[in-house]
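Asks: Based on what follows, work out the 3D shape:
(one chain, ligands or ions: 1)
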Amino acid sequence: MLYQPIEPYETGTIKVSDIHTLYYEISGKKDGNPVVFLHGGPGGGTNASDRTFFNPDKYKIVLLDQRGAGNSTPSACLEENTTWDLVSDIEKLRAKLDIEKWHVFGGSWGSTLSLAYAQSHPDRIKSLVLRGIFTLRKSELRFFYQDGASHIFPDAWEEYLAPIPESEREDLISAYHKRLNSDDEDTRIKAATAWSKWEMWTSKLHVDPVHIAHADDSKFANAFARIENHYFVNGGFMRDGQLLEKQSVDKIRHIPTVIVQGRYDVVCPATTAYALKKVFPEATLHIVPDAGHSAREPGISKLLVEATDKFADL
Ligand SMILES: CNCC(=O)c1nnc(C(C)(C)C)o1
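Replies: Predicted structure coming up:
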């Protein structure tokens, strides 16, 4: 099961560009086995419960708020904010903390960024623990934001559609992009709240009102929605399917890797985890029979902790 909540023994910031300064924190064992936690979204930010996937007596646990997310500044800023900027930021933080190699843990967008980072710097990775695999293919974005998950959550879908007039519903990501970047603050917040609520409604097998309430935090919703939408309209700044290409995955097939995927994940459906396993046969794939997308589904968190415990002495 998850470890007990702990507090960081160090927090800090790192200036990574003329615009962006990132927040990070370190908890657990000061001379422990280093692991970096890559949060979802993009734009979701980290929180205290993210530390509980790791044994604090074994791991030096590094949490990083990516550009524009969480406590990083400026909040929700889209300038100089791409997948490859974030990969570069992770390397800058690793060097600043004087870490030679580290374990990498990421779910959803965090799995995307983990794959992009590992494929760019395989020599810096001790292991990969990935959850709810997301590679930003057009087919994945279409399923969740245009025509797919909508058939399973028609009630929540109605609320997601509400801010968008019928005439613009053929391309919802573009329609939301217009509103999330509007000059009018009320338009931005209304769109950000509806966009975020859609994801919070659909993240768990059993709809969780507490999870949905996160979308009412306007700072979180604004960063989460604006940054997610920015990455999606740009296809993650990658070729479609790039992270699943043989030439990409062959760079990381030597790295001990565990994939944990919810069978009923409608945000990042199992088809992508399965496609990754086909090109990465050395990876261990667990499909959790009674889980959705969230890392905090009981069956998912149990296997994630089993994986970090397994890698703790590598
Ligand atoms: C399409 N975005 C999926 C994702 O990365 C994600 N889903 N929920 C989250 C938070 C837990 C960070 C809210 O991130």
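Asks: Using just helix, strand and coil, how would you label residue 103?
Replies: strand (DSSP: H, G, I helix; E, B strand; the rest coil).
Asks: How about the residues of the stretch 1-150 of the chain by the ligand?
Replies: 39, 40, 41, 44, 108, 109, 134 (Cβ under 6 Å from any ligand atom). In this view, the C-beta of every residue, glycine as well, is placed from N, C-alpha and C.
Asks: Tell me the one of these nearest residue 314?
Replies: residue 39 (22.6 Å; Cβ to Cβ).
Asks: which residues sit in contact with residue 249?
Replies: 119, 243, 276, 279, 280 (Cβ atoms under 8 Å, 6 or more residues apart in numbering).
Asks: Look up phi and psi at it.
Replies: phi -70, psi -30 (degrees, to the nearest 10).
Asks: Next: residue 132.
Replies: phi 60, psi 70.
Asks: Which one of the contacts of residue 249 is nearest to residue 261?
Replies: residue 276 (9.2 Å).
Asks: Does the closest one fall in a helix, a strand, or a coil region?
Replies: With three-state DSSP as the criterion, residue 276 reads helix.
Asks: ditto for residue 177
Replies: helix.
Asks: quick one: contacts for it?
Replies: Per Cβ under 8 Å, 6+ apart, neighbours of residue 177: 229, 230, 233.
Asks: Please name the residues that touch the second one.
Replies: Spelled out, that is residue 230. 78, 81, 177 are the contacts of residue 230 under Cβ under 8 Å, 6+ apart.
Asks: Now name the helix or strand holding the second one.
Replies: This points to residue 81. Per DSSP states H and E: residue 81 is located in neither a helix nor a strand.
Asks: Counting neighbours, what do you get for the residue nearest to it when sequence neighbours are not counted?
Replies: Counting by Cβ to Cβ, 6 or more residues apart in numbering, residue 81 lies nearest to residue 67, which is 4.6 Å off, once chain neighbours are set aside. For residue 67, the neighbour count with other Cβ atoms under 10 Å is 27.
Asks: between the contacts of residue 230, which is closest to residue 13?
Replies: Distances from residue 13 to the contacts of residue 230, taken by Cβ to Cβ, are shortest for residue 81, at 16.8 Å.
Asks: Quick check: the gap between residue 72 and residue 46.
Replies: 10 Å (Cβ to Cβ, to the nearest Å).
Asks: Give the intersection of the neighbour lists for these two.
Replies: By Cβ under 8 Å, 6+ apart, the residues touching both residue 72 and residue 46 are residue 65.
Asks: Could you pull up phi and psi at residue 257?
Replies: Per degrees, to the nearest 10, the backbone of residue 257 is at phi -140, psi 130.
Asks: what does residue 27 give?
Replies: phi -140, psi 170.
Asks: these two touch, right, it and residue 11?
Replies: No - using Cβ atoms under 8 Å, residue 27 makes no contact with residue 11, being 9.5 Å away.
Asks: Which one's more surrounded, the two?
Replies: A direct count of neighbours by other Cβ under 10 Å for residue 27 and residue 11 places residue 27 higher, at 23 against 13.
Asks: List the contacts of the more buried one.
Replies: Residue 27 touches 6, 7, 8, 9, 51, 56, 61, 63, counting by Cβ under 8 Å, 6+ apart.
Asks: What residues are bridge-paired with it?
Replies: residue 61 (DSSP bridges).
Asks: so what pLDDT did it get?
Replies: Per-residue confidence (pLDDT) for residue 27: 98.
Asks: And it, how close does it get to residue 111?
Replies: 22 Å.
Asks: Please work out how many residues are found near the closest residue to residue 124 other than its chain neighbours.
Replies: Nearest residue to residue 124, sequence neighbours excluded (Cβ to Cβ, 6+ apart): residue 101, at 5.4 Å. Neighbourhood size, residue 101 [other Cβ under 10 Å]: 15.
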